[in-house]
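In: Sharing a model prediction with you, sequence too.
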Protein chains: 2
Amino acid sequence: MAVPLYQAKAEFFRMLGHPVRIRVLELLGEGPQPVRSLLADIGIEPSSLSQQLAVLRRAGIVTSSREGTNVTYELAGPDVADLMRAARRILTEMLTGQAELLDELREPHTSGAPTGRA
Amino acid sequence: MAVPLYQAKAEFFRMLGHPVRIRVLELLGEGPQPVRSLLADIGIEPSSLSQQLAVLRRAGIVTSSREGTNVTYELAGPDVADLMRAARRILTEMLTGQAELLDELREPHTSGAPTGRA
DNA sequence: TTATCAATTGAATACTTTTGCAATTGTTGA
DNA sequence: TCAACAATTGCAAAAGTATTCAATTGATAA
């Protein structure tokens, strides 16, 4: 019955692996947001957004609350923002690494002289 | 042509979202490992492991090098370990939160008195 | 060269996730 | 109560991923 930890981790990352879900988490990083405004920022079908919000809710990293006819979402905990920061750091480094590699491929015979577009 | 950042992030997380890939990254966190030993630790078909290693290689978070007839993998950078740590922290907290919620659901009328299996 | 072993690739099948439409729920104001 | 609006759910079609087996590559040693 116990889920192995590596499987829980995989599910957690998979849950993050969707552009709309990333955007939602980043918007919620700035504070609680009504669905209406997520919808305006992201610009997809309401039902698609709801589906993705449901994924985040089921995973427990966001919570929602109804105020009259609107629903507001917020991050369930502060660690989510940490994770996004860690991911950004890695991505930045990886993309930088790739850019350097590309430069090397473009100029295979340079050896230290800056090209002006480092 | 430029990939939006939120999409790059989503792809990155999706790339992490597989139990075998998580296990590989954790094993590589302890240092470089030959395929042979990953295979022994994880216990799946060689071709399945190769497929997952290929995903990690394409993403650029591991590198491989051949020594004679064996291939050794290692993490491409130290930040990957950071990310895994951040993820572990969140997961731990989330699982703890769920356990507490479960306790509350089990004993809906308690209000502070410990049950003995907190 | 050929046999052998480690690792990888290709390709078909099975599986899971995403998407978009229609139908539904919940809430407010007329 | 009924109309109107926000958000959600159900579901079928489409898109994307994983798994497996057979075929292939690369390296070594007989």
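Out: Looks like it came in fine.

In: what about A:M15, distance to B:H18?
Out: Note on A:M15: its distance to B:H18, by CB to CB, to the nearest Å, is 13 Å. Using the backbone N, CA and C atoms, a C-beta is placed for each residue, glycine as well.

In: next one: A:Q52
Out: From A:Q52 to B:H18 the distance is 20 Å (CB to CB).

In: so the nearest residue to A:D82 once chain neighbours are set aside is in which element?
Out: Setting aside the residues directly before and after it, A:D82 is nearest to B:A86 in space (CB to CB, 6 or more residues apart in numbering or on different chains), at 5.5 Å. B:A86 is part of helix B:79-106 when elements are defined by DSSP states H and E.

In: Quick one: mean pLDDT over that helix.
Out: Taken as a whole, helix B:79-106 carries a mean pLDDT of 66.

In: pLDDT score assigned to the residue most central in space within chain A?
Out: Centroid check for chain A by CA atoms, centre = their mean gives A:I22 as the closest residue, at 2.9 Å. Here the pLDDT value assigned to A:I22 is 95.

In: unless I'm mixing things up, it is touching A:F13, no?
Out: No - assessed by CB atoms under 8 Å, A:I22 is found out of contact with A:F13, at 11.9 Å.

In: Spit out the residues that contact those two alike.
Out: Shared contacts of A:I22 and A:F13 (CB atoms under 8 Å, 6 or more residues apart in numbering or on different chains): B:F13.

In: residues in chain A within reach of chain B, list them.
Out: Contact residues (CB under 8 Å from any CB of the partner chain) of chain A with chain B: A:4-19, A:21-23, A:26, A:60-61, A:76-77, A:79-80, A:82-83, A:86-91, A:93-95, A:97-98.
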